[in-house]
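Chemist: Quick one, what's the 3D model for this:
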Amino acid sequence: MKKIDVCLSPELIHLFDLKGKVVVIVDILRATSCMTTGIAHGVKAIRPFADRDACIKMREQGYFIAGERNGIKVEGFDLGNSPFDYMAENVKNQKVAVTTTNGTVAIEKSAEAAEIIIGSFLNISAVADYLKKQDKDALIFCAGWKGKVNMEDSLFAGALVKRLKGEFVNECDAPLFAHTAFEYSEAQLLDVIKGSSHAKRLNNLNIHEDIEFCMKMDEYDVVPVIRDGEICLSA
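Modeler: Down below sits the predicted model:
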C-alpha cells in the first residue's frame, strides 16, 4: 500500500527522501490558500520565489509581482498575500511571481520530489482525490513559521491524512499525530486556528477576513501543480 508522511517544519525536511514522491505543500495562512484561489479564479500561472529580488525581476517579463514578509505586503508589489488579491479581475489570465516568508521556501526545498502540488483547506478534497489516483507515496510538507511548527498547517495535514485513510498507510508517527490533533479540533476548527500564534500575528495586521476565508473547506475543485517551475492547473 502507498505510504503517507508529514514533515511538520522546513527544518526537518532533510530527514525525508523526496525522490519518487508527491509532495503537498501547505501554508494555510496564507500562501497556498492564495495560490489555490488564484488558479481557481483564472490566474494563468504562479511562479514562486524564496528570494525577494528574484521575484521583483520577473516584472520585467510581464509578471505581476506578489508577496509578503512577516505577513506584511512588500512595498511596491502589485499584490500582497491575501486570497482576495488573487480574485481581482486584472490578474485573470495573467502570470504572477510570488515570494513569501514560508510557503515559497518550502516549495524550493521540495525540488527533488517527483511532483509538487499545492494544498489548502480550500481544495482539500480535490487534493485527496488527486493523491488517491497516483501510484506514488505522498508527503505533506508544512511550511510552518520561520522553521517552527504551526497549528494551521499541522491540522491541515491531519485533515488530509484522515481523507486518505484506507488508501495510504502512515510511514511514521507524524501522520498519526496530525490526524489525532485534527480529530480533537475538528468540531471547533476555526476557533482553534484563531487562537494560533500566526493567526494572532495576522490579527494584529487586521486581516480577519483572510483567516476565515482560508479555513473554508472545499471552496474550489482545483489541484494546482508545479510544472517547469510554475504553479498551474493540473491536467
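
Chemist: counting contacts, what elements does the helix or strand harbouring His179 pack onto?
Modeler: Using DSSP states H and E, the element containing His179 is helix 173-185. Secondary structure elements in contact with helix 173-185, counted by 3 or more CB pairs under 8 Å, 6 or more residues apart in numbering; DSSP states H and E, are strand 2-7, helix 151-163. Where you see a C-beta, it was placed from the backbone N, CA and C, and this is true even at glycine.

Chemist: starting at the chain centroid, how far to the last one?
Modeler: Read that as helix 151-163. Mean-position distance between helix 151-163 and its chain equals 12 Å (CA atoms, centre = their mean, to the nearest Å).

Chemist: Can you get me a residue count around Arg52?
Modeler: Look at Arg52: counted by other CB atoms under 10 Å, it has 16 neighbours.

Chemist: Give me whichever of the helices and strands packed on helix 173-185 is most buried.
Modeler: Comparing these by mean neighbour count (mean count of other CB atoms under 10 Å), helix 151-163 comes out on top with a mean of 25.

Chemist: just how off-centre is stretch 112-122 within its chain?
Modeler: When distances are taken as CA atoms, centre = their mean, stretch 112-122 is centred 7 Å away from the chain's centroid.

Chemist: what comes up buried for that stretch?
Modeler: Residues of stretch 112-122 classed as buried: Ala113, Glu115, Ile116, Ile117, Ile118, Gly119, Ser120, Phe121, Leu122 (neighbour count, 16 or more other CB atoms under 10 Å).

Chemist: Just checking, which helix or strand of this structure averages the lowest pLDDT?
Modeler: Each helix and strand of the chain was given a mean pLDDT (mean pLDDT, DSSP states H and E); the minimum falls on helix 197-203 at a mean of 81.

Chemist: which residues make contact with that one from outside it?
Modeler: Outside of helix 197-203, the residues that reach it under the criterion CB atoms under 8 Å, 6 or more residues apart in numbering are Leu29, Arg30, Asn70, Gly71, Trp145, Asn150, Met151, Glu152, Ile193, Lys194, Asp210, Ile211.

Chemist: rerun at 6 Å
Modeler: Taking contacts as CB atoms under 6 Å, 6 or more residues apart in numbering, the residues outside helix 197-203 that touch it are Leu29, Gly71, Trp145, Asn150, Ile193, Ile211.

Chemist: Reformat the helices and strands packed on helix 173-185 as CSV; add distance to Asn102 and mean pLDDT.
Modeler: Written out in CSV, the entries for the helices and strands packed on helix 173-185 read as follows (distance: least, CB to CB, whole Å; pLDDT from 0 to 100):
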stretch, distance to Asn102, mean pLDDT
strand 2-7, 13, 98
helix 151-163, 9, 98
